[in-house]
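# model this:
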Amino acid sequence: MASGIFNSTYYGKDYRAGAALLRARRPYLVKNAITGLCLVGFTIGVYAYTIRAVGQDEFSDVKVPETPAKSQQKQ
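Numbers count the residues shown, from 1 in each chain. Okay, the predicted model is just below:
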């Protein structure tokens, strides 16, 4: 950039979050953490319910086809 123009950024020269960025994020930290935990809990609940529901299915009435006989190769 041209000299004399202030380049504002929330990150330092080492690409770490600066103090201003940490202050700006602070009000949302708890709400975002709670929302993330709720989403993870919901996802695990759906997964556990699905595994439990599918695990109770019986597949004894499904006919499994026999393996096909190997055909002779033409030479």
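
# only C-alpha atoms for contact and neighbour calcs from this point on.
OK.

# list phi and psi for residue 40.
phi -70, psi -40 (degrees, to the nearest 10).

# could you report the pLDDT at it?
As summarised for this prediction, residue 40 has a pLDDT of 99.

# do the one 5 residues further on as well
Looking at residue 45, its pLDDT stands at 98.

# how about the helices in this structure?
For the chain, the helices defined by DSSP state H cover 19-55.

# what about the chain, any weak spots by pLDDT?
Along the chain, the parts satisfying pLDDT under 70 run over 1-8, 72-75.

# make it 50
The model of the chain has pLDDT under 50 over residues 1.

# so which residue is smack in the middle of it?
By C-alpha atoms, centre = their mean, the chain has its centre lying nearest to residue 40, at 9.0 Å.

# identify the residues contacting it.
Under the criterion of C-alpha atoms under 8 Å, 6 or more residues apart in numbering, residue 40 has no neighbours.

# and it, how far is that from residue 69?
Separation of residue 40 from residue 69 (C-alpha to C-alpha, to the nearest Å): 49 Å.

# residue 31 too?
Distance of residue 31 to residue 69, given as C-alpha to C-alpha: 62 Å.

# residues near residue 17, how many?
Each residue near residue 17 was counted by other C-alpha atoms under 10 Å, and the total is 13.

# hang on, it packs against residue 24?
No - counting by C-alpha atoms under 8 Å, residue 17 stays clear of residue 24, with 10.7 Å between them.
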